[in-house]
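In: Please work out how this folds:
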Amino acid sequence: MTGRVFDSLRGQIVLLTLGALTLAQAVSLWLFVDERSLAVRAALGAEAAGRAANVAHLLDEAPEALRGAILRAADSPLVRFAIDATPAVDHLDHGDEGGVEARMRHILGQGDAREIRIELHEAHGDLLPLASAGEEPREGGLTRLELTLSLALADGQWLNVDTRFNRPPLQWPVVSTLSFGISAALLLVALFWFLLSRLTGPLREVAAASERFGRGEAEPDLPLKGPRELRHLTARFNDMKTRISRHIEDRTRVLAALGHDLRSPLTALRVQAEMVEEEDLRAGMISSVEEMQAMVETTLAYARGMSEAEPREDVSGRDFLAQLRQDMLGGFEIGPGEDHRISLRPRAMRRALRNVIENAQRYAGGVPRVTLCGTAREHRILIEDEGPGLPEAELERVFDPFYRLEGSRSRETGGTGLGLSIARTILRAHGGDVYLENRPGGGLCAVLVLPEVAKG
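Out: Next up is the predicted model:
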């Protein structure tokens with residue numbers, strides 16, 4: 001079921017948009033984390049710079065005996081101060097991110113030219129808080145920022161300041177989560193269930209109308225609605241349907257007129273043939289005229305089979321076959337099987353079945369067996385005979401108009417060669433088809449396929 005949902009245009013657009021939203025939210029979170037890191041560095045540098053500069057002022061002005069008390073008062077869980085003979089930062093080059101030195105110079109005064117060394121870097125194997133005397137450090141797994149400052153004091157010693165601040169763990173802000181949920185919900189409601197309905201609705205209507213028109217049903221012009229491209233597609237479909245219908249109607253009228261015009265000369269030929277005194281010649285002429293009349297009528301039936309728009313009926317398959325067998329005076333037997341409700345055009349389908357069954361009777365002899373079977377998607381009518389079958393190369397050619405395996409063209413040994421063509425035309429007008437296959441045990445099987453028509 002999930003595969004079918006995402007196989008549709010609507011499902012794929014939903015999936016694509018949700019994916020784009022998720023990616024955009026992930027990028028926003030990454031940018032948020034990066035900005036937060038920069039803010040942490042700036043705050044850390046500003047705090048450390050201010051405290052270090054002020055402590056350095058106090059140490060320069062305070063007596064030696066008070067220095068220890070000043071350092072203890074300045075210490076905190078995140079910042080440690082110490083006075084050493086050497087600087088903790090042993091290099092002059094440093095990346096002063098956040099203007100730490102400038103802030104310290106501002107607090108110390110522009111005339112203070114003491115040396116200031118700064119080192120800022122990331123480290124792992126977290127230590128939080130800084131260990132004081134006699135205290136064991138606690139380890140963690142978060143990345144920490146370390147800022148070390150070394151300031152030269154007036155007496156030549158160095159004030160070393162060590163501060164550390166752990167990055168807070170990555171967290172999805174509640175506001176961002178709510179924003180993502182609301183945005184996705186609005187898109188699903190406004191875009192997919194409203195705007196996309198204007199796109200997929202007309203497409204489904206065009207597809208359904210194409211299927212009905214392909215089955216030969218009378219189909220009115222579709223209304224033009226939806227975006228400009230869909231309106232253009234619908235208009236072109238309406239134009240195509242009109243042109244095809246007009247073409248079929250024109251051809252049917254031509255064939256009907258031709259058949260009507262041929263009846264008069266054929267009738268005259270029949271009258272003249274009856275007046276021939278020689279019996280054998282008269283019989284031959286009458287037989288030829290009758291064959292021409294039969295071909296004309298069959299050709300007209302073939303044309304009607306392609307153009308008639310008989311309404312469909314929902315019938316019982318076994319009852320339909322039983323009625324046909326009664327009309328054909330027991331010309332076939334009905335095989336065992338379950339009954340199926342089939343949507344078809346009764347008059348056209350009787351003609352198709354009669355043509356195929358009579359073809360089996362004529363060329364195979366005996367009584368063919370007709371079996372109804374099917375699945376949830378299609379119905380099948382199998383017409384099996386006990387004849388010699390057909391060469392594989394001929395299984396498809398026999399559906400060509402006027403094609404006959406028997407080449408004498410005699411009405412006694414065969415028909416006009418249009419029976420199977422008419423049957424295939426009717427089946428395809430139903431949206432199905434008919435084909436022949438040789439049976440493994442001998443004989444031929446004609447398979448008539450009728451698709452299940454969706455209700456509504």
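
In: so L281 sits in a strand?
Out: No: counting by DSSP: H, G, I helix; E, B strand; the rest coil, L281 is not part of a strand but helix.

In: ok, it to A273 distance?
Out: 9 Å (C-beta to C-beta, to the nearest Å). Where C-beta positions appear, they are placed from N, C-alpha and C, glycine not excepted.

In: more crowded one of those two?
Out: The neighbour comparison of L281 against A273 (other C-beta atoms under 10 Å) goes to A273, with 18 against 11.

In: I figured that one was touching M292, is that so?
Out: No: using C-beta atoms under 8 Å as the test, A273 is too far from M292 to be in contact (11.5 Å).

In: Distance check, L120 against A49.
Out: Distance of L120 to A49, computed by C-beta to C-beta: 11 Å.

In: How many residues are close by I334?
Out: 15.

In: no wait, L444
Out: Neighbours of L444 using other C-beta under 10 Å come to 22.

In: can you check the one 3 residues further on too?
Out: If you count neighbours by other C-beta under 10 Å, V447 ends up with 18.

In: The helix or strand where M104 lies: which residues count as buried?
Out: Here M104, judged by DSSP states H and E, is contained in helix 100-108. Buried residues in helix 100-108, defined by neighbour count with 16 or more other C-beta atoms under 10 Å: V100, E101, R103, M104, R105, L108.

In: Assign L147 to helix, strand or coil.
Out: Under three-state DSSP, L147 comes out as strand.

In: Contacts only, for it.
Out: Applying C-beta atoms under 8 Å, 6 or more residues apart in numbering, we find L147 in contact with L44, G45, A48, V100, I118, E119, L120, V161, D162, T163, R164.

In: who's it bridged to?
Out: As for beta bridges, L147 partners with L120, T163 under DSSP bridges.

In: Can you show me the helices along this structure?
Out: Listed in chain order, the helices of the chain (DSSP state H) span 2-7, 9-61, 67-74, 100-108, 174-186, 196-214, 228-274, 279-307, 317-327, 346-364, 419-429.

In: Point out the most buried one among these.
Out: helix 419-429 (a mean of 23; mean count of other C-beta atoms under 10 Å).

In: Per the annotation, how does this protein divide into domains?
Out: The record's domain parsing of the chain by automatic domain parsing lists 2-166, 209-309, 310-451.

In: got a markdown table for the ones you listed, with distance to L199 and mean pLDDT too?
Out: Converted to a markdown table, the domains of the chain look like this (distance: least, C-beta to C-beta, whole Å; pLDDT from 0 to 100):
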| stretch | distance to L199 | mean pLDDT |
| --- | --- | --- |
| domain 2-166 | 7 | 71 |
| domain 209-309 | 6 | 76 |
| domain 310-451 | 26 | 84 |
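
In: Please name whichever of those domains is nearest to G201.
Out: Across the domains of the chain, G201 has its closest neighbour in domain 209-309 (7.2 Å, C-beta to C-beta).

In: What distance do you get for the closest residue to R350 other than its chain neighbours to S288?
Out: Leaving out its chain neighbours, the residue that sits closest to R350 by C-beta to C-beta, 6 or more residues apart in numbering is L324, at 5.8 Å. L324 sits 32 Å away from S288, going by C-beta to C-beta.

In: Please apply the same query to E310.
Out: From E310 to S288 the distance is 34 Å (C-beta to C-beta).

In: go on, L258?
Out: From L258 to S288 the distance is 19 Å (C-beta to C-beta).

In: Then M328?
Out: From M328 to S288 the distance is 28 Å (C-beta to C-beta).

In: swap in T375?
Out: 48 Å.

In: same check, this time on P391
Out: Counting by C-beta to C-beta, the gap from P391 to S288 is 31 Å.

In: Tell me which stretches of the stretch 351-456 of the chain form strands.
Out: Taking DSSP state E, counting those that start in this stretch, the strands of the stretch 351-456 of the chain run over residues 369-374, 378-384, 433-438, 444-451.

In: In JSON lines, list those strands along with distance to A56.
Out: Formatted as JSON lines, the strands of the stretch 351-456 of the chain follow (distance: least, C-beta to C-beta, whole Å):
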{"stretch": "strand 369-374", "distance to A56": "95"}
{"stretch": "strand 378-384", "distance to A56": "92"}
{"stretch": "strand 433-438", "distance to A56": "96"}
{"stretch": "strand 444-451", "distance to A56": "91"}
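
In: Out of these, which gets nearest to H247?
Out: strand 433-438 (22.1 Å).

In: by how many degrees do the closest one and helix 346-364 diverge?
Out: Note on geometry: by axes from the mean of the first three to the mean of the last three C-alpha atoms, to 10 degrees, strand 433-438 and helix 346-364 are set 20 degrees apart in direction.
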